[in-house]
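Participant: Sequence and computational prediction follow.
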Amino acid sequence: MSSSIAPAPEKPRRLKVAIVHYWLIEMRGGERIVETLGEMFPDAVIFTHVYDPSRISASIRAHDIRTSFVNRLPRARQLLGYYLPLMPLALNRLDLSGFDLVISVESGPAKGVTVPEGTPHLCICCSPMRYIWGMQKDYQQHMGLVTRLVFSLAARYLRAWDRASSRRVGHMVSISQETAQRVRQIYGRETSILYPPVDCARFRPAPKREDFYLLAGQLTPYKRPELAVEAANRTGRRLIVIGEGEMMGRLRAMAGPTVSLMGWQPDDVLADHYARCKALIFPGEEDFGIVPVEAMASGAPVVALRRGGALDTVVDGKTGAFFDEPSVASLIGALDRFDAVGGRLDTDAIVAHAKKFDRTVFEEKLSALIGRLVTT
């Protein structure tokens, strides 16, 4: 009697993936998405305009990173805004042939790459470019007269290109309800929601919370850090600020004796302050905002402006408190209300809520989406 051995099942073919990101010069929300994508696809090639390896995680640095010609221009890292009009051309020159899947992470020029016919292109839209849609005046206020004029002319061209390039993307997802609404208004596209990944396992509450508020993140005008500093000045509340950016000089000048500005700090120092702070103050309007979720994963409540991505992540009265207007008076009112009830908020419930945005959830949903894209 003869016997036969059934052939071993074929291993699934590993996808050859290209990840396109606008620039890699610091680790913020978009870069955390790129980091997770890179770990999901260890052989992926990452394309970007400008790259500063000293400010990027080792996980991203481990990849084959290819830059556009913008990276070779003078002082590219410092003059990104001035080189924006050249980025559509730079994207068009990137060679994406031979890839099974292209994933662009967009809130700067990234999705406008030329993808070979038949190659799926998934865009994870953090936001349509803020510099040309809605926040142009915020970015122009620090420019000289001539620069503002040139930027205004360039913005017209970029808006036309941005809309046109959005129509070439095969599938687009948004990272929040706020982003989905802006995509609908600007690009005329309906999108599903894929919340960004937060590595909740990196964070845990301290045994006891301390009597200081925390402000963390990039210190730029649209994030409104001055509201938190002035609220602390007026009320005598202790505030610790972790972050850097163009507003650091102004904040140092206005900070009173109860405000400490620590500048940029490594991840472990930030996590320690999340764990010990009384609450995080989140005064700006963000497309999503990973910082509040990281704080909640550490058991910290969040006092946030009732706009943007905070509406997706913060639950008023359960994981924090909202204030309604981007003003010092409105923030102080919310802090007063929070001080009255903050100690009664359930730390375990706050941590459990943050886990709804955990990296494992992102990976599961993205894998299912990619499975549909590459088989259709």
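Facilitator: Great, that's in hand.
Participant: Any buried residues in the helix or strand T179 falls within, and which?
Facilitator: Secondary structure from DSSP states H and E places T179 in helix 177-187. Judged by neighbour count using 16 or more other CB atoms under 10 Å, the buried positions of helix 177-187 are 178-180, 182-183, 186-187. (C-beta placed from N, C-alpha, C; glycine too.)
Participant: Quick one: the strands in the stretch 201-350 of the chain, in order.
Facilitator: Along the stretch 201-350 of the chain, counting by DSSP state E, counting those that start in this stretch, strands occupy 213-216, 239-242, 259-263, 279-282, 302-305, 320-323.
Participant: any idea of the mean pLDDT in the next helix or strand after the helix holding T179?
Facilitator: Going down the chain from helix 177-187, the next helix or strand is strand 192-193, by DSSP H and E. For strand 192-193, mean pLDDT is 96.
Participant: just checking, what packs against strand 192-193?
Facilitator: Here strand 192-193 touches strand 171-174, going by 3 or more CB pairs under 8 Å, 6 or more residues apart in numbering; DSSP states H and E.
Participant: got the contact list for the strand it packs on?
Facilitator: For strand 171-174, the surrounding residues in contact (CB atoms under 8 Å, 6 or more residues apart in numbering) are 111, 120-125, 166, 180, 183, 187, 189, 191-194, 369, 373.
Participant: Which among the residues you listed count as buried?
Facilitator: Applying 16+ other CB under 10 Å to these, the neighbour count classes 111, 120-125, 166, 180, 183, 187, 189, 191, 194, 369, 373 as buried.
Participant: what about the residue lying closest to D52 once chain neighbours are set aside, neighbour count?
Facilitator: Ranked by CB to CB, 6 or more residues apart in numbering and with sequence neighbours excluded, the top spatial neighbour of D52 is I25, at 4.5 Å. I25 is flanked by 20 other residues according to other CB atoms under 10 Å.
Participant: who's in contact with I25?
Facilitator: 50-52, 55-56, 77, 80.
Participant: of all those, which two lie farthest apart?
Facilitator: With distance counted by CB to CB, no two of the contacts of I25 lie farther apart than I56 and L80, which are 15.0 Å apart.
Participant: any chance you could read off phi and psi for the residue nearest to A279 when sequence neighbours are not counted?
Facilitator: Leaving aside its sequence neighbours, A279 sits nearest to P301 (CB to CB, 6+ apart; 4.4 Å). Note on P301: backbone dihedrals following degrees, to the nearest 10 are phi -70, psi 160.
Participant: sorry, back to before: how far off centre is the helix holding T179?
Facilitator: Taking CA atoms, centre = their mean, to the nearest Å, one finds the center of helix 177-187 at 16 Å from the center of the full chain.
Participant: which of the buried ones among the contacts of strand 171-174 lies closest to E35?
Facilitator: E35 lies nearest to I124 out of those, by CB to CB, at 12.8 Å.
Participant: check contacts around that closest one.
Facilitator: 33, 103-106, 173, 175, 194.
Participant: Make TSV from those and add distance to P257 to it.
Facilitator: Formatted as TSV, the contacts of I124 follow (distance: CB to CB, whole Å):
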residue	distance to P257
I33	39
I103	48
S104	46
V105	41
E106	42
V173	46
I175	38
L194	44
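Participant: So how do I select the buried members of those in PyMOL?
Facilitator: Burial among the contacts of I124 is assessed by 16+ other CB under 10 Å; the matching PyMOL selection reads:
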select buried, resi 33+103+104+105+106+173+175+194
